[in-house]
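# Attaching a predicted model along with its sequence, questions to come.
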Amino acid sequence: MALRNKFVAGNWKMHLSVAEGVALVTELRALLDGVAGVRVAVAPAFTAIHPVADALRGSLVEIGGQNVHWEKQGAFTGEVSPEMLVEAGATCAIVGHSERRQLFGETDEGVRKRARAALDAGLTPIVCVGETLAERDAGRTLEVVGAQVRAGLEGFDANDLAKLAIAYEPVWAIGTGRTATSAQAQEVHAAIRAILRELVGDAADCVPIQYGGSVKPENAAELMAQPDVDGALVGGASLSAASFAAIVRAARDAV
Ligand SMILES: O=C[C@H](O)COP(=O)(O)O
C-alpha cells in the first residue's frame with residue numbers, strides 16, 4: 001500500500017499574466033478531469049493567485065505561493081504573509097527555491113522560518129534543497145543536501161513533517177534541459193528519506209519528496225517510478241497545460 005500520494009506542483013516562476021494563467025488552468029482542469037490519486041498544484045505569480053484560484057474553484061488542482069514570509073504582517077516590503085496566501089486561495093507554498101537562495105540571498109535559517117510559518121497557517125510548505133554543479137563535481141552532493149534538509153527542518157516533529165513536502169532540485173538541472181538520471185535522483189531522495197527517518201522515525205515514509213529539474217512528459221514516468229521519487233516540482237513544462245497534465249498522468253500511473 002502506498003504510504004504517500006504523488007504530489008506534482010507547477011512553479012510558474014515570473015511567467016504568465018493573469019489572463020494567461022487563467023487560460024492555462026481552465027485548459028488544465030479539463031485535461032485532468034477524472035484524474036485522481038495525485039495531489040496537483042500550480043504556483044502562479046502573487047498577482048495571479050486569486051484569479052487563478054477562482055478559475056480552479058471546484059477542481060482538485062490547488063494553488064501555491066512561490067515564496068512566503070514568516071511574519072503575519074508588517075514593514076517587509078516585497079514579502080507576502082502565509083495568511084495573505086491563504087486568503088487568496090493558496091494551500092501550499094514553495095520555500096527555499098534555489099533561485100531564492102542564489103539570487104536573493106535566502107538562508108537555511110530563513111527557509112526554516114518560512115516553512116514553520118507556512119505550516120502554522122495551514123499551508124503545505126514545499127521545502128527545496130539541491131546542490132550546484134561544482135558541489136556535485138566535488139562529490140559533496142549528499143553533504144550539501146543533507147545539511148540543507150537538517151537546517152531547514154530543525155525543530156520540526158513528526159506532526160509537522162506529515163504536513164510538508166520536500167523538493168530535491170539539483171541546481172545544474174534547473175532550466176538547463178539536463179535532467180538528473182533516475183538513479184541520481186533516487187540516490188539523493190533515499191538519502192533525504194534516511195535523514196527524515198533519523199529525525200522522526202517511520203513518519204518519514206509519509207513525506208512526499210518531489211524531484212525538480214527539467215522534468216518533462218518524456219522523462220517523468222521513469223523518474224517517478226523510483227521508490228523515493230514521489231512527484232515533481234515542474235518549472236518550464238508547467239507553462240503548457242498539455243505537458244503539465246501529461247506529467248500529472250505519469251505520476252498517477254507510477255507505482
Ligand atoms: O521549481 C521548478 C524548478 O526550478 C525546475 O524548473 P525546470 O523544470 O524549468 O527545470
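Perfect, I can see it now. Numbering: from 1, shown residues only.
# Show me which residues of the stretch 151-255 of the chain sit near the ligand.
For the stretch 151-255 of the chain, the contact set with the ligand under Cβ under 6 Å from any ligand atom comprises Glu169, Ile174, Gly175, Gly212, Gly213, Ser214, Val215, Leu233, Val234, Gly235, Gly236, Ala237. Just so you know, the C-beta spots here come from the backbone N, C-alpha and C atoms, and that holds for glycine as well.
# Which among those count as buried?
Listed as buried from those are Glu169, Ile174, Gly212, Gly213, Ser214, Val215, Leu233, Val234, Gly235, Gly236, Ala237; burial here means 16 or more other Cβ atoms under 10 Å.
# if I look at the last one, how far off is Val68?
With distances defined as Cβ to Cβ, to the nearest Å, the gap from Ala237 to Val68 amounts to 24 Å.
# Could you do the fifth one as well?
From Ser214 over to Val68 the distance is 25 Å, taken as Cβ to Cβ.
# would you list every one of the strands in the stretch 101-250 of the chain?
In the stretch 101-250 of the chain, strands defined by DSSP state E, counting those that start in this stretch lie at 124-129, 165-168, 209-211, 231-234, listed in chain order.
# In the stretch 51-200 of the chain, where is pLDDT below threshold?
Nowhere does the stretch 51-200 of the chain drop to pLDDT under 70.
# show me where it has helices.
82-88, 98-104, 108-120, 133-137, 141-152, 158-161, 182-200 (DSSP state H, counting those that start in this stretch).
# Generate a markdown table for those helices, with mean neighbour count as supplementary columns.
Shown next, in a markdown table, are those (neighbours: other Cβ atoms under 10 Å):
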| stretch | mean neighbour count |
| --- | --- |
| helix 82-88 | 19 |
| helix 98-104 | 16 |
| helix 108-120 | 20 |
| helix 133-137 | 14 |
| helix 141-152 | 18 |
| helix 158-161 | 16 |
| helix 182-200 | 18 |
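# Which part of the stretch 1-150 of the chain gets nearest to the ligand, residue-wise?
As assessed by Cβ to the nearest ligand atom, the ligand sits closest to Asn11 within the stretch 1-150 of the chain, at 3.5 Å.
# so what's that residue up against?
Contact analysis of Asn11 by Cβ atoms under 8 Å, 6 or more residues apart in numbering lists Ala43, Gln66, Ile94, His97, Gly212, Leu233, Val234, Gly235, Ser238.
# measure it to Ile174 for me?
Asn11 is 10 Å from Ile174, by Cβ to Cβ.
# which neighbours do those two share?
With Cβ under 8 Å, 6+ apart, Asn11 and Ile174 have common neighbours Gly212, Gly235.
# and Phe46, how many neighbours does it have?
Residues within reach of Phe46, counting by other Cβ atoms under 10 Å, total 17.
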